[in-house]
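predicted model, plus sequence, below.
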Amino acid sequence: MVVLDAVVSIVLWVVTSLYIAGNMYWMYRVFARVVTYDPPTLTHDEDAVEVRIVTIGNESVVAETVRTLPSELDQRYVISEEPIDVPEAEVLVVPDEFESKANSKGRAIEWARQVVPCQREYVLRSSVGDC
């Protein structure tokens, strides 16, 4: 009985030691990766991005949003249900005769998808104002 107890104890200690060693190695790998992390370089430039901001109104918030965009993002559209004045962006107003099952901003998004051509690889979409 004493021999069986010793064997079970040895097996349990070996298993526990392997578990602790595996966890310690994993922690080492995680901390080493955090310390040596080098973010990947961008594979595209700013000329590949188009900005589309959808709004119902709220002119001041939209203008502030456009103002805070990086200057490299030069193709900026504001798609609105009503005419607004936003410096540094081209404002496109959804015509009243456009019909869609969607309403509010969904209607504006659908109109822009169908009518406004996108020549760039990436589109940054933002929704500003009330839903």
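Okay, I see it.

per-residue pLDDT, Glu72?
With respect to pLDDT, Glu72 scores 82.

also Ala108?
Looking at Ala108, its pLDDT stands at 86.

do Asn23 as well
So, for Asn23, pLDDT stands at 97.

just Asp85 next, same as before
At Asp85, the model reports a pLDDT of 90.

heads up, I number from 25, so please use that
Happy to do that; since the first residue is 25 now, the last one works out to Asp109.

from Leu148, how far out is it?
22 Å (CB to CB, to the nearest Å). The way it works is simple: take the backbone N, C-alpha and C, and place the C-beta from them, glycine included.

neighbour count winner among those two?
Higher neighbour count among Asp109 and Leu148: Leu148, with 14 against 10, using other CB atoms under 10 Å.

so that one sits in a strand?
Yes. Secondary structure of Leu148 (DSSP: H, G, I helix; E, B strand; the rest coil): part of a strand.

okay, stretch 26-42 in PDB with CA atoms only?
The C-alpha trace of stretch 26-42 is given here as PDB (Å, rounded to 0.1, in the frame of the first residue of the first chain):
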ATOM      1  CA  VAL A  26       2.900   2.300   0.800                       C
ATOM      2  CA  VAL A  27       4.500   1.700  -2.600                       C
ATOM      3  CA  LEU A  28       1.200   2.500  -4.400                       C
ATOM      4  CA  ASP A  29       0.800   5.700  -2.400                       C
ATOM      5  CA  ALA A  30       4.400   6.700  -3.400                       C
ATOM      6  CA  VAL A  31       3.800   5.900  -7.100                       C
ATOM      7  CA  VAL A  32       0.500   7.900  -7.200                       C
ATOM      8  CA  SER A  33       2.200  10.800  -5.400                       C
ATOM      9  CA  ILE A  34       5.100  10.800  -7.900                       C
ATOM     10  CA  VAL A  35       2.700  10.700 -10.900                       C
ATOM     11  CA  LEU A  36       0.700  13.500  -9.500                       C
ATOM     12  CA  TRP A  37       3.800  15.600  -8.900                       C
ATOM     13  CA  VAL A  38       5.100  15.000 -12.400                       C
ATOM     14  CA  VAL A  39       1.700  15.900 -14.000                       C
ATOM     15  CA  THR A  40       1.600  19.100 -11.800                       C
ATOM     16  CA  SER A  41       5.100  20.000 -12.700                       C
ATOM     17  CA  LEU A  42       4.500  19.600 -16.400                       C
END
